[in-house]
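Undergrad: Sequence plus predicted model, see below.
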Amino acid sequence: MIWLANAAERQALIDSLPEAALVADDLPLRANLSVLENIAIVPQYRQNLSYQDAADRAWALLARLGQTGCALKRDPDLSCVERFTAKLLRAVIQQPPIILIDRPALLLPDIHYPPFLEATLQALAGDCEDFRILDYAWNAPLYAPR
Amino acid sequence: MVSPASFYKIAGGIGVRHARIIYHWVMATPQQFLTRVGSSTLGWLQAWGRVLGFGARVLVETFTPAVYNSASRSVVLKQIYFTAWQILPGFLLFAALLSYVIIQIVVTTARNYGLSDFALEVSVRVVVLETLPLLTALFIALRSGAAINTEVALMNINNEIRALEDAGVDPMRFEFIPRVIGGAISVYTLTLLSCILALILAYVAVYGLQPWSLPDFSRVIARIFTPTAFLTLTLKSLLFGLAVTLIPIRAGLEAPRMMFFAPIAVLRGMVRLFFVIMFIEVASLALVYM
């Protein structure tokens, strides 16, 4: 967890970690691609995998989070949980050293997000060593004490 | 002297932003007027410079093998599917009808003036070399060019381009170059198919449904399709194909990141595209006939 005091501090922190993959409200999914394609596009483009192989990897990640139901949906049809999952898996499939989840209250406005985040990140523990959640300090009471 | 406030009040219906622009043009001193003309001319030249720069980059990247991975290949195929394959039957039917009507007009007029010997040559020159390539380009510009312009403007406004970059996917290589390649292939293919269809219709219109006049027909076609004419037609179709995707993409990328700029970006892109298509057509006419 990284507690932030204001927007400037948040921006400075993001800028200081260029190697991190960012999951943020202002980094949307490609609107004309399905969730599966949005995730698969990363290995397809970066590792020149065939669509079939890239989609298999994307599907396996979605299955691990129990979200295969949204695989063929596009952005406007997604719930906030499905959209967050797609963005998170798009980051996970890049295999970055750090994944920053920026202001989860913006990404998951309709649920009590701390327990959901904890369960989701536990399910993906083997795929990224370092998940960091950036949240404002005034949201700290929402998180259960560890 | 009218004050800006009272001018804005008089011009109320057109909005404060436009009223301010008109006020500054109307009330300008000669020096201010010239400065504004100069600055808008520079802006216009810079915009065209950016289009040319973008075109040059696209051309260089098109011949870079690294661009062709499975992701960009699938975008090329999708672009060909949406631009050419989806409209193929309707477009060919329309091209056939239009070609047949024009050919019949030319053939009938030529007969009335006792110039039947030239009917085939004139109709092929009018329909195949000039009308069909231009018509194909305009059709694709209206259908796919406008769609691409809107999509890229919305991608830009919604920050999808930065999101792709952030995910390590180069939008230029993944989104834009494959579209230009797919668009160019589509326009060229549709032009070629409609031209072949028009040649068959020209034969039928002039000689009727019989195969015995094929040698005469071949001689006329060989006279029309000199290497220069064929090269000009090919080059023109390819340039049309590049223009109908490249200019809308650039116009979409220039849209400031505010939703109300999306229609302005499409409008600008479409106007630019129209002028470029007309410029290519006039230049090719000048090359062949002057």
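TA: It's in.
Undergrad: in chain A, which spans are helices?
TA: Ranges of helices within chain A are A:7-15, A:35-46, A:51-64, A:80-92, A:104-107, A:113-123, based on DSSP state H.
Undergrad: what residue is smack in the middle of chain A?
TA: Among the residues of chain A, the one closest to the centroid is A:Leu88, at 1.7 Å (CA atoms, centre = their mean).
Undergrad: got the residues of chain A near chain B?
TA: Within chain A, the positions near chain B by CB under 8 Å from any CB of the partner chain are A:21-22, A:26-32, A:41-42, A:44-46, A:48-51, A:54, A:90-91, A:94. C-beta coordinates here come from the backbone N, C-alpha and C atoms, glycine included.
Undergrad: Output the below-cut-off pLDDT ranges for the chain.
TA: Chain wasn't specified; assuming chain A. In the predicted model of chain A, residues A:145-146 satisfy pLDDT under 70.
Undergrad: that's the other chain; I wanted chain B
TA: Scanning chain B for pLDDT under 70 picks out B:1-17.
Undergrad: Kindly report the domain assignment for it.
TA: When chain B is parsed with automatic domain parsing, its domains come out as B:4-42, B:64-289.
Undergrad: In a markdown table, list the ones you listed along with mean neighbour count and distance to chain A.
TA: What follows is those, written out as a markdown table (neighbours: other CB atoms under 10 Å in any protein chain shown; distance: least, CB to the nearest CB, whole Å):
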| stretch | mean neighbour count | distance to chain A |
| --- | --- | --- |
| domain B:4-42 | 12 | 27 |
| domain B:64-289 | 18 | 4 |
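Undergrad: how many neighbours does residue 63 have?
TA: Picking chain A for this. Here the number of neighbours of A:Ala63 (other CB atoms under 10 Å in any protein chain shown) works out to 11.
Undergrad: Can you look at chain B instead?
TA: 7.
Undergrad: Got the phi and psi for it?
TA: phi -100, psi 20 (degrees, to the nearest 10).
Undergrad: Go through chain A and flag its longest strand.
TA: strand A:130-136 (DSSP state E).
Undergrad: Would you indicate which residues of it are buried?
TA: Using 16 or more other CB atoms under 10 Å in any protein chain shown as the test for burial, strand A:130-136 gives A:131, A:133-135.
Undergrad: How about the contacts made by A:Arg57?
TA: Residues counted as contacts of A:Arg57 (CB atoms under 8 Å, 6 or more residues apart in numbering or on different chains) are A:40, A:43, A:49, A:93.
Undergrad: repeat that with 10 Å
TA: With contact taken as CB atoms under 10 Å, 6 or more residues apart in numbering or on different chains, A:Arg57 is in contact with A:39-40, A:42-44, A:47, A:49, A:89, A:93.
Undergrad: Please apply the same query to A:Ala86.
TA: Listed by CB under 10 Å, 6+ apart, the contact set of A:Ala86 reads A:23, A:28-29, A:33-36, A:38-39, A:58, A:62, A:67, A:70-71, A:73, A:75, A:78.
Undergrad: List the single closest residue to it in space, sequence neighbours excluded.
TA: Once flanking residues are discounted, A:Ala86 sits nearest to A:Val35: 4.4 Å by CB to CB, 6 or more residues apart in numbering or on different chains.
Undergrad: Just the helices from chain B, written as ranges.
TA: B:4-10, B:16-26, B:30-62, B:70-80, B:88-112, B:116-124, B:132-140, B:146-157, B:160-166, B:171, B:177-207, B:214-224, B:227-253, B:262-289.
Undergrad: Just the CA trace of stretch B:77-84, in PDB.
TA: Below are the C-alpha coordinates for stretch B:77-84, written out as PDB (Å, rounded to 0.1, in the frame of the first residue of the first chain):
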ATOM      1  CA  LEU B  77      -7.000  -8.200 -42.500                       C
ATOM      2  CA  LYS B  78      -9.700  -6.500 -40.500                       C
ATOM      3  CA  GLN B  79      -9.200  -3.300 -42.500                       C
ATOM      4  CA  ILE B  80      -9.400  -5.100 -45.800                       C
ATOM      5  CA  TYR B  81     -12.500  -7.000 -44.500                       C
ATOM      6  CA  PHE B  82     -14.300  -3.800 -43.500                       C
ATOM      7  CA  THR B  83     -13.200  -1.600 -46.400                       C
ATOM      8  CA  ALA B  84     -13.300  -4.000 -49.300                       C
END
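Undergrad: quick check, distance from that stretch to the centre of its chain.
TA: Here stretch B:77-84 is found 16 Å from its chain centre; the criterion is CA atoms, centre = their mean, to the nearest Å.
Undergrad: Can you lay out the buried residues of strand A:130-136 as JSON lines showing distance to B:Leu92?
TA: As requested, those are arranged in JSON lines below (distance: CB to CB, whole Å):
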{"residue": "A:Phe131", "distance to B:Leu92": "55"}
{"residue": "A:Ile133", "distance to B:Leu92": "57"}
{"residue": "A:Leu134", "distance to B:Leu92": "56"}
{"residue": "A:Asp135", "distance to B:Leu92": "58"}
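Undergrad: So B:Ser189 is in contact with B:Thr136, correct?
TA: One thing to correct before we go on: residue B:189 is Thr, not Ser. Yes: B:Thr189 is within contact range of B:Thr136, at 9.5 Å (criterion: CB atoms under 10 Å).
Undergrad: Mutual contacts of those two, please.
TA: Residues touching both B:Thr189 and B:Thr136 (CB under 10 Å, 6+ apart): B:84, B:237, B:241.
Undergrad: ok, the closest residue to the residue nearest to the centre of chain A other than its chain neighbours - how many residues close by?
TA: Nearest residue to A:Leu88, sequence neighbours excluded (CB to CB, 6+ apart): A:Val23, at 5.2 Å. Residue crowding around A:Val23 was assessed by other CB under 10 Å; the count is 25.
Undergrad: cool, the one 3 residues further on as well?
TA: Each residue near A:Asp26 was counted by other CB under 10 Å, and the total is 12.
Undergrad: Okay then, goodbye and thanks.
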